[in-house]
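A.B. asks: Fold the following.
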Amino acid sequence: IFTATLAIPAEYTRPMGPDGRAVWARRADLSGFPQLRSPQRLLDALYRMSLEELTQLVREDGALSAGAKWPGVWTRDVSYASVLGLALVAPDAVRRSLLAKVDSAGRIIQDTGTGGSWPVSTDRMTWALAAWELYAATGDRAWLRQAHDVIRRSAEADLHAALDPETGLVLGETSFMDWREQSYPRWMEPRDIARSAAVGTNVVHYATYRILADMARALGEPAERWTGIADGLRTAINAHFWQPDRGWYASFRYGRVFHSLAPRSDGLGEALAVIYGVPDAARRARLAARTPVVEFGTPIFWPYIPDMQLYHNAAIWPFVNAYAAWAAAEAGNTAATEHALASILRPAALFLTNKENMVAMTGHFDGTVLNSDRQLWTVPGNLAAT
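C.D. replies: You can find the predicted model right below:
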């Protein structure tokens, strides 16, 4: 039995108590949320802390900000967070947030990205994943109709502007990794990224077409076209991204004259592929066993880029590990599930807030270029884990 003292900068933690330790104590009324009582007091406390931080993320207009340092509403942030559980525990805030990301033409707004955003960056269809979760949680038929029409209009635009007829893949930047210097070769210009294809973004589009088919069936409308597009994209993902020697999907496919696969794993992309059913059973099991992990969790991508700042590069994001835990559980890999859960719960307990990211080599937030407390998609990652 031993005692270890960890020096953590006070400016990034909760207020200090009389004994000199950082303290979190519940202040918000959480009676309107689902309650958790378990034999593990720490898990119960982390669950309540995450719910309280969720209440602090609700803006005056009822939508959800992306974090303590991110007051705006972001399409991908609220969407990935909604799939992790916010659609169930905060449906009204999710609805307001999703509607805030629809433009005057009734199409989904793309978040910031390379080259001025869409169509170089094309992961706006994460909105569809959240919209379907909201319908599943509420059963609201009016929302189903409204969301279906928004997704359909957006999908038609993406099929026109971003579908590569040669490969059958959707072109565009890696999902959520929108700081291109952090994850792409330095020679690549915005036009090169626009002509590349990322596995995570393609899985999001595949899931979107499946959702459009499900929505159409629920509305009593034809679904065959969307089913066909989804099946074709699934085939293309498996044909063009899978790396049998490594046992995972490549992060992206790129090149000007001759295309090749990036020799990197995309932690979120691999997890989404399993969750939304892209690989067959054999590949799913291999993917769960072979997706690279480090001591403190599943990194955003691996291997890292040397001599590069730490944000997406050489970083652990708890929300990605929430998806990794989900995917590992789907694949029946207990060891990978436990490792991902620990990656979510450890920093929340240690730092007493749901941080945006951590340095992969240390598990600490100190050293990242930018970090935020009560990060929106980290909060439901913790709720889902507990």
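A.B. asks: residues touching Val78, list them.
C.D. replies: Contact partners of Val78, counting by Cβ atoms under 8 Å, 6 or more residues apart in numbering, are Ala63, Leu64, Ala66, Leu86, Val94, Ser97, Leu98, Lys101, Ala130, Leu376. For glycine as for every other residue, the C-beta is placed from the backbone atoms N, C-alpha and C.
A.B. asks: Distance check, it against Pro380.
C.D. replies: 10 Å (Cβ to Cβ, to the nearest Å).
A.B. asks: Need the residues touching each of the two.
C.D. replies: Listed as contacting both Val78 and Pro380 by Cβ under 8 Å, 6+ apart are Leu86.
A.B. asks: Report the secondary structure element holding Met361.
C.D. replies: Counting by DSSP states H and E, there is no helix or strand that carries Met361.
A.B. asks: Quick check: nearest residue in space to it, chain neighbours excluded?
C.D. replies: Ala314 (6.8 Å; Cβ to Cβ, 6 or more residues apart in numbering).
A.B. asks: which ones are touching the one you found?
C.D. replies: Per Cβ under 8 Å, 6+ apart, neighbours of Ala314: Pro299, Tyr304, Ile305, Met308, Val359, Ala360, Met361.
A.B. asks: what do you get for Pro299?
C.D. replies: Gly267, Pro292, Val293, Ala314, Ala315, Ile316, Ala360.
A.B. asks: Chain neighbours aside, what residue packs nearest to the residue positioned nearest the centre of the chain?
C.D. replies: Closest to where the C-alpha atoms of the chain average out (Cα atoms, centre = their mean) is Tyr80, at 4.5 Å. The shortest distance from Tyr80 to any non-neighbouring residue, by Cβ to Cβ, 6+ apart, is to Trp377 (5.0 Å).
A.B. asks: What are the phi and psi values at the one you found?
C.D. replies: Phi and psi for Trp377, reported as degrees, to the nearest 10, are phi -80, psi -10.
A.B. asks: Hmm, it is touching Asp77, no?
C.D. replies: Yes. Contact criterion Cβ atoms under 8 Å: Trp377 and Asp77 qualify, at 5.5 Å.
A.B. asks: More neighbours: the two, which one.
C.D. replies: Trp377 (28 against 24; other Cβ atoms under 10 Å).
A.B. asks: ok, now which ones touch that one?
C.D. replies: Asp77, Tyr80, Ala81, Leu84, Phe319.
A.B. asks: for the residues you listed, which one is nearest Leu54?
C.D. replies: Closest approach between these and Leu54, by Cβ to Cβ: Ala81, at 9.4 Å.
A.B. asks: So that closest one is in contact with Phe319, correct?
C.D. replies: Yes. Proximity of Ala81 to Phe319 meets the contact threshold set by Cβ under 8 Å, at 7.3 Å.
A.B. asks: Mutual contacts of those two, please.
C.D. replies: By Cβ under 8 Å, 6+ apart, the residues touching both Ala81 and Phe319 are Trp377, Pro380.
A.B. asks: Which one's more surrounded, those two?
C.D. replies: Ranked by neighbour count (other Cβ under 10 Å), Ala81 and Phe319 place Ala81 first, with 32 against 26.
A.B. asks: still on that earlier bit, for the contacts of Ala314, give me JSON lines that also has secondary structure and pLDDT.
C.D. replies: Converted to JSON lines, the contacts of Ala314 look like this (DSSP: H, G, I helix; E, B strand; the rest coil; pLDDT from 0 to 100):
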{"residue": "Pro299", "secondary structure": "strand", "pLDDT": "97"}
{"residue": "Tyr304", "secondary structure": "coil", "pLDDT": "95"}
{"residue": "Ile305", "secondary structure": "coil", "pLDDT": "94"}
{"residue": "Met308", "secondary structure": "coil", "pLDDT": "93"}
{"residue": "Val359", "secondary structure": "strand", "pLDDT": "96"}
{"residue": "Ala360", "secondary structure": "coil", "pLDDT": "96"}
{"residue": "Met361", "secondary structure": "coil", "pLDDT": "95"}
